[in-house]
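Visitor: sequence-free structure coming up:
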């Protein structure tokens, strides 16, 4: 590693230098701590005694070689501060950690596993004109393992359960909540202590690589949540690492996040190298197909508040990191969780943008769920909530998310959010809502359990109620996912002619119809969100029904084999019952208005 480039903030592979590296019959340990008075290494290889690291001049680079160390052994650094304190820390660049509440780093052999997914990596794309249907998953609670005292499956064990399930539901990618090491289960991985260490809850780095390799061989992409904004406050982590605020802001008014964690100080070039190297690490070493960047609004504005203005240092860091990642991994997905209206989030950095491939459309999520919670007799005045998303959709490459944040902390499961006097109405509206989502332009993301039609919100301490998997709502969701993947018109999202609204009767303000088009396909979605039936008419006579939310096998009242269109002069008309939706295939025929 070029040390000057490290100080200039240009390094993207700092883990090749820092951390614990096996070399011949010894292990070399390197750490950066410019303000420490002394650093010692203690571990299983020296009977937990102390061996002193030597500093390269006054550069802040400390190093020691241990001839008796080997893979699998635990270790820590003891940092002697200039103020006289002695604090034990895990390795900031450590590649594995012991299971919480332990906090030692673990020596690992990065060459222990060799990937066999070269064909997948060479063929993958950013999916701008391909289906992208993401299953967001908390690995510790998706399935509970009765043979493990904590209820966890290993990374490699979960593959046998996960892969066929993703295929069954029509998911193209799985997005894991952060897998980097974290001390508190209830943080779901969003407050990290090991930015280069897969959490030991679910096994070893090798076992995680095995999972990703198997996903790729099954034709499924793997995305991981990455947290570049803040880190855990635990004393053995990054906080006050060398006795001073090395990774964090020195002032608590900007140094503490709203989640009770420490904010990274992105103006420091060494911190930039740490974070952009960590992001690159997961893409390069573990072959993840993308990163979903958490809390991007905090990288744009001070504390995520537009009223406080743009934070130029963090914005500069973000642009340089994304540009560097795309240069190294052009087909990897960079996805922004960003709730702001800051422009050009998904425009390349070279063209003045932030360099993401996709941005979560949190406005769509909020407006649509609010609309669905509104009683039908009040929806006429809220029609704009469903129309508004297409007014700004061309500005970015949007992804439509129904994430973990929407089904926890008293917010209720998706089905329970639906207005309804009874479960029949709730499920009917949930099916229509999901057809609206999958026919709407934009890529898709759903948190685990959404596909089952659960009525209880998520808890990280229990797996979803899998008895729902045999229910009619899950049958609908599986069919919807497969229809989405099979029809190019539904994922040609960003072509200028891929979408247009169709007229509906003025006296039916709760009915929405639109056309989705690709080169040789014209589909029409019609959603009736009112509590009254609606008749949709078209002069095109050759439409087929791809999916109807009212089919009996989905929990509705209609038979699939009954005649769906009723001849009415030159037109064919379809009657939609209350709270129902339909997806129609007109083939190569453009729908007349």
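Guide: On my side now, so go ahead. Only a predicted model underlies this, so the values are computations on that prediction, with no experimental measurement involved. Residues are numbered from 1 along each chain as shown.
Visitor: the closest residue in space to residue 94 that isn't next to it in sequence bridge partners, please.
Guide: Among residues not flanking residue 94 along the chain, residue 105 sits closest, at 3.3 Å (CB to CB, 6 or more residues apart in numbering). Every C-beta, even on glycine, is put in place using the N, C-alpha and C of the backbone. Taking DSSP bridges as the rule, residue 105 bridges to residue 75, residue 97.
Visitor: counting neighbours, what do you get for residue 105?
Guide: The local packing of residue 105 (other CB atoms under 10 Å) involves 30 other residues.
Visitor: show me the domain layout of the chain.
Guide: Here the domain parsing of the chain from automatic domain parsing is 3-106, 130-490, 499-585.
Visitor: which stretches in the stretch 1-150 of the chain count as strands?
Guide: Here the stretch 1-150 of the chain has its strands, by DSSP state E, counting those that start in this stretch, at 19-23, 26-32, 36-43, 51-52, 54-55, 61-66, 74-81, 86-89, 105-106, 133-137.
Visitor: got it, and the stretch 451-593 of the chain?
Guide: Using DSSP E, counting those that start in this stretch, the strands of the stretch 451-593 of the chain run over 499-502, 511-518, 521-528, 534-538, 544-548, 566-568, 571-576, 580-585.
Visitor: who does the first one pair up with?
Guide: Counting by DSSP bridges, the strands paired with strand 499-502 are strand 511-518 (antiparallel).
Visitor: and the angle for the strand it pairs with with strand 580-585?
Guide: If you take axes from the mean of the first three to the mean of the last three CA atoms, to 10 degrees, strand 511-518 sits at 20 degrees to strand 580-585.
Visitor: residues in contact with the nearest residue to residue 198 once chain neighbours are set aside?
Guide: Distances taken as CB to CB, 6+ apart place residue 208 nearest to residue 198, at 4.7 Å, with adjacent residues excluded. Residues near residue 208 by CB atoms under 8 Å, 6 or more residues apart in numbering: 155, 179, 198, 202, 286.
Visitor: and if you look at residue 531?
Guide: 376, 377, 578, 579.
Visitor: repeat that for 6 Å
Guide: By CB atoms under 6 Å, 6 or more residues apart in numbering, the contact set of residue 531 is 376, 578.
Visitor: so what's the backbone phi/psi at it?
Guide: Per-residue torsions, residue 531: phi -100, psi 20 (degrees, to the nearest 10).
Visitor: lowest confidence element among the helices and strands of the chain?
Guide: Least confident element among the helices and strands of the chain, by mean pLDDT, DSSP states H and E: strand 566-568 (a mean of 51).
Visitor: what about stretch 180-198, start to end distance?
Guide: 5 Å (CA to CA, to the nearest Å).
Visitor: between the strands of the stretch 451-593 of the chain, which gets the lowest average pLDDT?
Guide: Least confident of these, judged by mean pLDDT, is strand 566-568 with a mean of 51.
Visitor: would you mark the buried spots in stretch 506-519?
Guide: 508, 510, 511, 512, 513, 514, 515, 516, 517, 518 (16 or more other CB atoms under 10 Å).
Visitor: surely the second one is in contact with residue 530?
Guide: This points to residue 510. Yes - using CB atoms under 6 Å, residue 510 is in contact with residue 530, at 3.6 Å.
Visitor: how about the contacts made by residue 360?
Guide: Residue 360 neighbours (CB under 6 Å, 6+ apart): 337, 399, 401.
Visitor: what about the residues you listed, which one has the most neighbours?
Guide: Of all the contacts of residue 360, the most densely surrounded is residue 401 (27 neighbours; neighbours counted as other CB under 10 Å).
Visitor: strands paired with the helix or strand hosting that residue, and their directions?
Guide: Using DSSP states H and E, residue 401 sits in strand 398-402. With DSSP bridges as the test, strand 398-402 is paired with strand 358-360 (parallel), strand 443-447 (parallel).
Visitor: can you lay out the ones you listed as TSV showing mean pLDDT and distance to residue 343?
Guide: Shown next, in TSV, are the strands paired with strand 398-402 (pLDDT from 0 to 100; distance: least, CB to CB, whole Å):
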stretch	mean pLDDT	distance to residue 343
strand 358-360	98	11
strand 443-447	98	20
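Visitor: tell me which of the ones you listed sits nearest to residue 184.
Guide: Comparison of the strands paired with strand 398-402 against residue 184 by CB to CB identifies strand 443-447 as nearest, at 20.1 Å.
Visitor: next one: the closest one to chain centre, how far?
Guide: 9 Å (CA atoms, centre = their mean, to the nearest Å).
Visitor: one more: stretch 484-501?
Guide: 22 Å.
Visitor: please report phi then psi for residue 149.
Guide: phi -60, psi -30.
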